[in-house]
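> Here is a sequence with its predicted model. Questions after.
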Amino acid sequence: MSHETEKRNGYRWVRADLHIHTPASEDYAEPQRTYLEILQEADRRELELLAFTDHNTVNGYDQMQREIDFLQKLEANGRLTPEEQERLDEYRRLLAKIIVLPGFEFTSHYGAHVLGIFSPHQPLSLIEATLLQLGVPPEQLKSGSTSIANTRYVTEAYEMIARAGGIVIAPHANGPSGVITETLRMGTSGQARVAATQSSSLHALEFINFYTDHEKFTSPGFYNGKTEHYDRRMFCIQGSDAHRLRRVPEHESNGWHHHGIGDRYVELLLPEASFAALKALFASQEFDRVRVPKRDQKQWDLDALRFGAQSERQVLRSLANEEAADELWRDVAALANGGGGVLIIGREGTGNGNG
């Protein structure tokens, strides 16, 4: 069953991406993008929980809220243009479907990253106070800088974020700037790696290439609670770490940030899409309420075709009804007369296996 329909005792599967960036991060690949476009893409990907986790700042979330507040003030005073009214209405439509959580991706003392995710009801000034306590200088609170010197150590950051009421996640733990990778790179003791992955203040480990075979320390299965010295079973998830709206091929991206919003999502069995429900899940031992979908290369390729540049030699058609099927001969004829091309035919899944 789909994440929309499968339920269990009043709970349902909620699709979440708990690690995305916005133009407030200095290394965002598409700085011209708007916050409304980010929400629209999240909606297209059927996300219900989204966390803005810019580098060492909550400025992205703040900018979105300021834009919405400004539009609402104009509306209250009868000064909205039709375009502004349309924009505000679209924000309202999207935010009725998607819960956006404020957060940050903190750069710890030796470079490993830590996600702090908070309730949307928590004042941003208190979240910024946490960043100050973590060692982010006041003059860099809005910069979205990826490199901050002399900050707190990883385990200190876990504890401070948790005390401030946040959800603590070790992002891309087995990738660049991940806590597992950094302990291996620096040749630190096994005790340090245990502390970085087993802390009682840490809620979850986020992995890249979730289903790819890894060495023992870099595999989600290693943290199943059955490994010596790693007795605490960990919630293991994935997140997109999106620095752009939509995925591009690796060779076209800057570094390793080629994923888009919702490319690497997680599904959570929750009573509702909310920060409180998410935090309660991570505080439980109900590991079967988290599942990481596997996305194969065919799906990436299809997305590239659907959302790539238009081409006279590439036609996509949806078989929504019999009339649409009858029109396919026109596409075949056009491609044949034009020297050939590719016709891609798709239809919505009905769940009955027919067609």
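Great, that's in hand. Numbering: from 1, shown residues only.

> any idea how this protein splits into domains?
Following automatic domain parsing, one gets these domains for the chain: 7-296, 309-346.

> can you put the ones you listed in TSV and add mean pLDDT and mean neighbour count?
(C-beta placed from N, C-alpha, C; glycine too.) Listed next are the domains of the chain as TSV, based on pLDDT from 0 to 100; neighbours: other CB atoms under 10 Å:
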stretch	mean pLDDT	mean neighbour count
domain 7-296	95	18
domain 309-346	71	12
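
> Show me what the helix or strand hosting I345 is packed up against.
In the assignment (DSSP states H and E), I345 maps to strand 342-346. In terms of contact count using 3 or more CB pairs under 8 Å, 6 or more residues apart in numbering; DSSP states H and E, strand 342-346 is assigned the packing partners helix 297-307, strand 314-318, helix 328-337.

> give me every residue that touches I167.
When the contact criterion is CB atoms under 8 Å, 6 or more residues apart in numbering, the partners of I167 are 115-118, 203-204, 275, 278-279, 282.

> cutoff 7 Å now
For I167, the residues meeting the contact criterion (CB atoms under 7 Å, 6 or more residues apart in numbering) are 117, 203, 278-279, 282.

> Same check on I127?
With contact taken as CB under 7 Å, 6+ apart, I127 is in contact with 58, 102, 118.

> Save those as JSON lines, and put in secondary structure and distance to E156 too.
Compiled in JSON lines, the contacts of I127 are given as follows (DSSP: H, G, I helix; E, B strand; the rest coil; distance: CB to CB, whole Å):
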{"residue": "V58", "secondary structure": "coil", "distance to E156": "20"}
{"residue": "P102", "secondary structure": "strand", "distance to E156": "21"}
{"residue": "F118", "secondary structure": "coil", "distance to E156": "18"}
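
> now, which of those residues sits nearest E46?
When the contacts of I127 are compared for distance to E46 (CB to CB), P102 comes out closest, at 21.7 Å.

> what bridges to the closest one?
When assigned by DSSP bridges, P102 has beta-bridge partners F52.

> That one and G116 touch, don't they?
No - taking contacts as CB atoms under 7 Å, P102 lies outside contact range of G116: 9.3 Å.

> Name the nearest residue to C236, sequence neighbours excluded.
For C236, ignoring the flanking residues on the chain, the nearest one in space by CB to CB, 6 or more residues apart in numbering is P220 at 3.9 Å.

> go on, S119?
That would be F275: by CB to CB, 6+ apart, it lies 4.3 Å from S119.

> Could you report the distance from the one you found to L205?
20 Å (CB to CB, to the nearest Å).

> could you list every residue that touches I148?
Going by CB under 7 Å, 6+ apart, I148 touches 56, 107, 135-136, 140.

> Also L71?
Taking CB under 7 Å, 6+ apart as the definition of contact, the neighbours of L71 are 80, 84, 87-88.
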